[in-house]
Each structure stands twice: as C-alpha cells, then as structure tokens.
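> this one's sequence-less:
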C-alpha cells in the first residue's frame with residue numbers, strides 16, 4: 001500500500017513465504033495455498049479429482065515426496081492421509097475417510113511411483129465411496145459407490161482376461177481391494193468367498209516366486225487368512241498348504257515369518273482334512289475306506305502336533321497375548337442348514 005490512503009498499490013508484493021515455497025508471487029490478483037510441510041503446491045490447471053485416484057493400500061507409500069495433489073498413478077502415504085481434504089472434490093473426502101477407518105497399518109511398504117495403479121485406485125474409490133455412504137447413512141452416496149463398484153469390477157475382469165496385464169501388481173492389488181469390498185459392503189453372503197478363491201487362482205497363475213518383492217509379499221500375508229477360510233468353507237484344498245507357497249515368498253525376507261504367519265502355515269493344512277473326510281464317503285466298504293480313514297487320521301494328527309509345537313513356542317515368548325476383534329456390523333454370517341455359522345461348522349465337525 002502507498003502512503004496515500006486513496007491510492008492503492010497493485011504491484012506484486014515480495015513475500016518470504018512465496019520465496020521459501022519456490023512459488024512465483026502472483027500479487028493480489030491471485031491466491032496460492034502453501035503447504036505447511038514446505039512442499040510445492042499443485043501447478044495451475046491440476047485436476048483436484050486426481051487425488052482420489054491415488055489412494056494407498058495397506059500402508060504403502062512411494063519413494064518420492066508427496067505433494068498436495070499427486071500426479072495420476074502416484075500414491076498418497078497412509079501416514080499423511082489425515083492431512084488433506086480438498087473441498088472441491090467429495091472423492092477426496094471419501095478416500096480420506098476410508099484411509100482413516102480402514103488403514104491402521106504401522107508398516108510402510110514402498111511402492112515405486114513408476115508402478116501403474118490405475119485399476120487399484122478405481123477400485124479403492126468405489127470402496128471408499130460405498131463405506132462413506134453406509135457409515136454416514138447417505139443413500140445417494142451409497143448408490144454412487146455401488147455404481148462405481150460395478151464399473152471397477154468390469155474393468156478388473158477385462159484386465160484379468162489379458163495375459164500380460166493379469167500378472168501386474170495393479171491387478172493383484174485391485175483383486176484384494178474388491179475382496180475387502182465384498183467383506184465389508186457386499187450384498188451376497190458368499191461374495192468374499194468367490195473373490196478369495198479367484199485371488200488364489202490368480203496367485204497360482206503367477207507362481208510363488210512372483211510374490212517375493214516386498215509389496216507383493218505384504219499383500220500375500222494380508223490375504224492368506226481369507227483364502228484359507230474360503231477353502232475351509234468350500235471344502236477345497238488350497239495352494240497355500242504346499243511347501244513352495246509356505247517358503248518361497250519369504251525367501252528374501254525370512255524375518256517376516258512371525259508367529260502369526262507360522263500359525264497360518266499350519267491352518268493352511270486344515271482344508272485338506274475336509275477333503276480327505278469327504279473322500280472317505282466316496283470309497284467302497286472294506287480296504288479302500290479303511291485306507292482313506294487312516295490317511296485322514298495321520299493328517300489330523302500331524303496338524304494337531306504342529307499346533308501343539310507352535311503353542312509351546314508361542315507361550316515361551318513375550319507375544320503370549322491376543323486381541324479379540326468383534327465382527328463388523330455390516331458382516332452377515334453365512335448359515336448352514338443346521339442354523340450354525342459355516343465357520344462354526346468348520347471347527348466342530350472334525
């Protein structure tokens with residue numbers, strides 16, 4: 001401002017904050033929002049809706065610095081998920097809400113920015129929109145989320161039919177996001193089972209060595225429980241029971257084989273007990289059925305011995321504790337013809 005109160009000085013002011021943020025000062029005719037973390041603001045013309053296309057999965061982060069509005073196919077680290085809300089796009093609100101309520105991982109798994117995650121981001125936006133609509137009781141938001149789910153599912157199916165694209169990390173991550181969708185917001189009781197079995201077929205196609213990179217290994221570790229329980233419910237064996245799938249993925253990171261992962265190695269053998277049990281009823285009376293019964297008893301004894309060995313190791317450590325996590329209200333337990341839940345039957349029929 002000049003000394004004359006009636007004379008307005010329209011010259012561009014010199015501002016130290018602009019200089020520190022490496023921004024060209026636009027004067028009083030323009031506004032620039034400067035991040036407190038010192039990173040540069042988005043360039044003019046950036047589409048703010050792109051921020052919803054960069055949702056993180058399972059605490060992953062990129063090696064590059066994060067900015068207010070990331071470029072397409074970049075990811076926003078979970079630890080800064082609470083720091084942004086772009087009011088111009090409700091997608092940002094949905095994504096932030098989902099990250100704050102679903103992603104509680106302390107682990108930081110690095111995913112390089114060069115990896116294309118367009119399909120994963122599409123699935124995550126559908127998931128976050130639907131969750132927001134359910135929790136906030138907003139029918140129009142929920143409907144929009146379900147519409148997005150259908151579009152994302154079609155895109156995922158197209159990618160799975162492509163021999164090259166189906167092997168990508170983007171497809172693998174997207175399948176897991178859609179499995180989470182079915183568990184939390186799916187309207188079918190067996191939706192999560194189909195996704196879990198489909199994920200297993202995808203992993204079988206990729207092979208155990210393809211899961212050795214840390215981002216892939218982290219996904220495998222999180223997905224193993226649902227894959228094992230899906231095998232229990234469907235009375236099918238799982239590839240996770242093989243020695244290759246219990247060992248090769250952890251070859252580069254053996255320290256990640258913690259007590260929980262060792263327990264899952266044992267539980268992965270349980271579906272085969274049901275397969276052997278069903279096989280007995282298909283055998284003729286006499287020697288064939290007796291031989292099948294002996295095989296079942298030997299397998300059951302092996303699983304029991306492994307569990308007892310694991311329990312002794314667990315009890316001798318400082319990790320001898322557990323937390324009981326109640327099932328979310330949105331989850332509808334599957335029921336058998338006897339009125340009991342499927343998982344309850346799995347552990348009481350043996």
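Great, that's in hand. It should be emphasised that the depicted structure is a prediction, and the values quoted were computed from it without experimental measurement.

> list the buried residues in the strand or helix carrying residue 227.
Using DSSP states H and E, the element containing residue 227 is helix 214-234. By neighbour count on 16 or more other C-beta atoms under 10 Å, the buried set for helix 214-234 is 214-221, 223-224, 226-234. Just so you know, the C-beta spots here come from the backbone N, C-alpha and C atoms, and that holds for glycine as well.

> quick one: contacts of stretch 202-215?
By C-beta atoms under 8 Å, 6 or more residues apart in numbering, the residues outside stretch 202-215 that reach it are 60, 109-111, 160, 166-167, 169, 171-172, 175, 216-217, 219-220, 239, 244-245, 247-249, 251-253.

> so what's residue 200 closest to, chain neighbours aside?
residue 227 (5.2 Å; C-beta to C-beta, 6 or more residues apart in numbering).

> correct me, but the one you found touches residue 238?
Yes - here residue 227 reaches residue 238: they are 6.1 Å apart, a contact under C-beta atoms under 8 Å.

> shared neighbours, those two?
Common neighbours of residue 227 and residue 238 (C-beta under 8 Å, 6+ apart) are residue 200.

> let me see the mean pLDDT of the helix holding residue 227.
Across helix 214-234, the average pLDDT comes to 93.

> after that helix comes which helix or strand?
Taking DSSP H and E, what comes next after helix 214-234 is helix 243-247.

> show me which residues of that following helix are buried.
In helix 243-247, counting by 16+ other C-beta under 10 Å, buried: 245, 246.

> packing partners of the helix or strand just after it?
Downstream of helix 243-247, the next assigned helix or strand under DSSP H and E is helix 259-267. Of the remaining helices and strands, those touching helix 259-267 by 3 or more C-beta pairs under 8 Å, 6 or more residues apart in numbering; DSSP states H and E are helix 214-234, helix 287-315.

> distance to residue 266 for those - can I get that in TSV?
Shown next, in TSV, are these (distance: least, C-beta to C-beta, whole Å):
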stretch	distance to residue 266
helix 214-234	10
helix 287-315	5
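
> what sits against the residue nearest to residue 200?
By C-beta under 8 Å, 6+ apart, the neighbours of residue 227 are 196, 197, 199, 200, 238, 240.

> surely the fourth one touches residue 239?
Spelled out, that is residue 200. Yes - with contact defined as C-beta under 8 Å, residue 200 reaches residue 239; the gap is 6.1 Å.

> I am finished for the moment; much appreciated.
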